[in-house]
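[1] coords please:
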Amino acid sequence: MADELEKRWNRSYGTSKMKYENDRKTLQSLQQKQTLKAAEKKAELQKPVPYTEFVFCSLLLVRIYAAIASHITDCDETYNFWEPTHYLAFKSGFQTWEYNPKFALRSYLYVGMHAFLAKALYFVLKQKVFVFYAIRIFLATFCAVAEDQFYSSVYRKFGSFIGNCWLLISLFAPGMFISSTAFLPSSFAMYSVTLAYSAWLDGSNQSAVLWIAVGAIVGWPFVAVLGIPIVWDIVVKNGQFRKFAEHFLVALVYTISPVIIVDLMLYRKLTITPLNILIYNVFNPHGSELYGTEPLSFYITNGLLNFNFAFLLALVSLPAYAAFQYFNKDIKTKICYLLAPMYVWFTIMFMAPHKEERFLFPVYPLISLAASVVLYIVWKSTAFCFGYFYKHMKEASILNISGFFIIFIGLSIARIAALESYYRAPMILYKDVYKIQEPGAVICLGKEWYRFPSSFFVPEGAHARFIKSSFTGQLPQRFYENVNGTYAHRRDQNDGNKEEPSVYVNIKQCDYLVDLDLGVESPLEPRYNTKAGWTSIKTHPFLNSAKSKMLARAFYMPGYSRKNVKFGSYHLLKRTKLIKQQEEERDRLKQLEKEHKEKRAKAKQQHDNEEL
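    Okay, the predicted model is just below:
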């Protein structure tokens, strides 16, 4: 009878009852596991993060301090971003060849957003220097928001130790001091990548893909490679290719559309600027190498200056993680996806001949995270290896971690103090430049063209111009002011970094001159402050790196630095003839005023006599 029932079951359901029961139990088990996993994920996302207001306020205050205190470290920030922003807002500024419609390597969307903000702020603040710093504070706020989101995500996903270590490194790292308020696509990409990985950790794949697209399309196209681990997790690990395709297409439409529309309006031609910059840097035979090449040690040196010992920990984070996972499954596998992008980025950037400090900005938060992971491994490994003395080893490992942060914070503060003490002269001096009142004054830049902080420091009615120095590359031209310079075609620019003599004015046309005196001179770069015809009206100390000891100039150390650092002088020079003319004019006006007072007194006395 039982056999007959089994046969009927097989004919009805096409399988044995036992197999059916096994499949049903397996399915139920999988459903339970999925339900449990979803519940754990939900609980993880809802895990409270303590002191969130304190964390955000700490990040915001440190970033605002950087906005006010830091100097511009890269002339590309001035001429490729502050200058076109100034032109869009105030109709004057310098134009690099990358904004020439013939090449169109830069999108106007990124600078246009800041130009709109600049116009609104100028309406309230009335002074361009205030607008400059207000925009920097806006960038500082954006960075603090992104960091706060990332901190919360890391804290919930990997625990308080890694989260708090990341926070301390990010707060004090000189690299974050420099990059957090820089008006550069690499800094904007850093914000976007930080928000992308924060969203991904919180389970929002769509937001993660969108933020990577924003960083790549609106900011810097190369950062798209930093989204590879996210794509791998979505497509390969979880098999959600269709969902990723949907997220990708939506993100692409949302980001590329405004870029094309804005550039069509301002370039007056259909162009895809992110594609243009990729083609130039990857497929152009000369490309970025025209602007200098550096050895591999360049990034190592910068990493040590900007993160000191945390950079060394970050470099060994992936092998340390792999070794730790082999013996102890304590760290979640997902953290590997956060370590991999840094290595991918280092591989690409270290191999490129042209190297600049700003190229590493997008992975700065990931460097801090990688160092935090190694610190966690050190903390846990100590207790794991010496289990018998667990309590004592735990205390010892905490002391080791504390010792690391004392050294890290001390070196970081010393580096930031060095940057402020040694290199801040141009930012201070150009505030004096902004006080120049002569209408039509010509302010000239020679060898110090690359420390010009932007036309936001040039008063209305005055003009910044270049004079010939020993530099033989291409300098930016002025935007055309009588026509719309964004789409005007010009032939005085090239993509080969060839010098364009038309950019220079004769020094006889200069009313003011900004120059650095380091005690050496050449025919094209004389010490103008010692020459007849020029008078220094403002001067500030500036580091003479050639005559200073390396350690003393890298880190500010009271006592030691004072003895081992030498300074030059940063000058705002004014034509002596112009000073004399102004003094003569002031004397003439005083004389006229005196004569006018005497006439009035005489007329009053005569009137009084007549009345008597």
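
[2] Low-confidence bits of the stretch 251-400 of the chain, can you list those?
    Within the stretch 251-400 of the chain, the ranges that satisfy pLDDT under 70 run 287, 328-333, 383-397.

[3] what do you get if the cut-off is 50, keeping everything else the same?
    Applying pLDDT under 50 to the stretch 251-400 of the chain flags residues 388.

[4] Okay, L290 and W97: tell me how far apart.
    For L290, the distance to W97 equals 11 Å [Cβ to Cβ, to the nearest Å]. From N, CA and C alone the C-beta is placed, and that goes for glycine too.

[5] And F555, by the same measure?
    38 Å.

[6] L290 and W97: which is more packed in?
    Taking neighbours as other Cβ atoms under 10 Å, L290 and W97 compare with W97 leading, 21 against 15.

[7] Leaving out chain neighbours, which residue sits closest to that one?
    Q493 (4.0 Å; Cβ to Cβ, 6 or more residues apart in numbering).

[8] Against V442, how distant is that neighbour?
    In terms of Cβ to Cβ, Q493 sits 22 Å off from V442.

[9] Who has more neighbours out of the two?
    Higher neighbour count among Q493 and V442: Q493, with 20 against 16, using other Cβ under 10 Å.

[10] Mind jotting down where the strands sit in this structure?
    Taking DSSP state E as the criterion, the chain carries its strands at 94-95, 442-445, 463-466, 477-478, 512-517, 534-543, 567-575.

[11] Check whether K157 really touches L201, as I assumed.
    Yes - with contacts counted by Cβ atoms under 8 Å, K157 reaches L201, the gap being 4.9 Å.

[12] shared neighbours of these two, which are they?
    Common neighbours of K157 and L201, using Cβ atoms under 8 Å, 6 or more residues apart in numbering, are K334.

[13] Compare the two (neighbour count), which wins?
    The neighbour comparison of K157 against L201 (other Cβ under 10 Å) goes to L201, with 24 against 21.

[14] what's the spacing between the closest residue to the more buried one other than its chain neighbours and I230?
    Among residues not flanking L201 along the chain, S153 sits closest, at 3.9 Å (Cβ to Cβ, 6+ apart). As judged by Cβ to Cβ, S153 and I230 stand 13 Å apart.

[15] overlap in contacts of these two?
    Shared contacts of S153 and I230 (Cβ under 8 Å, 6+ apart): Y197.

[16] quick one: low-confidence parts of the protein?
    2, 9, 388.

[17] which residue is nearest the centroid of the protein?
    Residue closest to the mean C-alpha point of the chain, counted by Cα atoms, centre = their mean, is S187 at 3.0 Å.

[18] residues contacting the residue lying closest to A314 once chain neighbours are set aside?
    Sequence neighbours aside, A370 is the residue nearest to A314 in space, at 3.8 Å (criterion: Cβ to Cβ, 6+ apart). Counting by Cβ under 8 Å, 6+ apart, A370 makes contact with 313-314, 317-318, 338-339, 342.

[19] what angle sits between the top helix by length along the chain and strand 534-543?
    If you go by DSSP state H, the chain has its longest helix at helix 576-611. Interaxial angle, helix 576-611 versus strand 534-543 (axes from the mean of the first three to the mean of the last three Cα atoms, to 10 degrees): 120 degrees.

[20] heads up, I number from 587, so please use that
    All right, first residue 587 from here; so that's helix 1162-1197.

[21] Can you tell me how far the residue nearest to A900 is from V1028?
    Going from A956 to V1028 by Cβ to Cβ gives 50 Å.

[22] repeat for A768
    29 Å.

[23] what sits against S766?
    649, 652-653, 725-726, 729-730, 773.

[24] May I ask which two of the residues you listed are separated the most?
    Distance extremes for those: the farthest pair is A730 and S773 at 13.0 Å, using Cβ to Cβ.

[25] State the distance from A1048 to I654.
    Taking Cβ to Cβ, one finds A1048 at 24 Å from I654.

[26] Same drill for those two, tell me which one is more crowded.
    A1048 (20 against 12).

[27] That one: what's it in contact with?
    1022, 1024-1029 are the contacts of A1048 under Cβ under 8 Å, 6+ apart.

[28] ditto for Y1066
    If you count contacts by Cβ under 8 Å, 6+ apart, Y1066 has them with 1074, 1076.

[29] In a markdown table, list the strands of the chain along with distance to I1014.
    A markdown table is the format used below for the strands of the chain (distance: least, Cβ to Cβ, whole Å):
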| stretch | distance to I1014 |
| --- | --- |
| strand 680-681 | 22 |
| strand 1028-1031 | 16 |
| strand 1049-1052 | 17 |
| strand 1063-1064 | 26 |
| strand 1098-1103 | 12 |
| strand 1120-1129 | 5 |
| strand 1153-1161 | 8 |
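
[30] List just the one of those that sits closest to G989.
    For those, proximity to G989 was assessed by Cβ to Cβ; strand 1120-1129 is nearest, at 30.9 Å.

[31] Which strands or helices does that closest one pack on?
    helix 976-1009, helix 1011-1019, strand 1153-1161, helix 1162-1197 (3 or more Cβ pairs under 8 Å, 6 or more residues apart in numbering; DSSP states H and E).

[32] buried residues in that strand?
    Neighbour-count burial for strand 1120-1129, counted by 16 or more other Cβ atoms under 10 Å, picks out 1120, 1122, 1124-1126, 1128-1129.

[33] Out of the residues you listed, which comes closest to E1171?
    Closest to E1171, out of all of the buried residues of strand 1120-1129 and judged by Cβ to Cβ, is W1120, at 19.6 Å.

[34] Would you agree that closest one is in contact with K1160?
    Yes - under the criterion of Cβ under 8 Å, W1120 makes contact with K1160 at 7.2 Å.

[35] how about the residue lying closest to L864 once chain neighbours are set aside, what does it touch?
    Nearest non-adjacent residue to L864, counting by Cβ to Cβ, 6+ apart: P807, 5.2 Å away. With contact set as Cβ under 8 Å, 6+ apart, P807 has these partners: 860-861, 863-864.

[36] please redo it, this time with the cut-off set to 7 Å
    By Cβ atoms under 7 Å, 6 or more residues apart in numbering, the contact set of P807 is 860, 863-864.

[37] distance of the nearest residue to P844 once chain neighbours are set aside from A1140?
    Spatial nearest neighbour of P844, excluding adjacent residues (Cβ to Cβ, 6+ apart): L695 at 5.8 Å. As defined by Cβ to Cβ, L695 lies at a distance of 38 Å from A1140.

[38] rewinding a little: inside helices: which ones of the contacts of A1048?
    Per DSSP H, these never map to helices.

[39] Quick one, which of those residues are buried?
    Looks like these have 1022, 1027-1029 buried, using 16+ other Cβ under 10 Å.

[40] Those residues: which two are farthest apart?
    Longest span within the buried ones among the contacts of A1048, Cβ to Cβ: I1022 and V1028, 10.3 Å.

[41] Cool, thanks, signing off.
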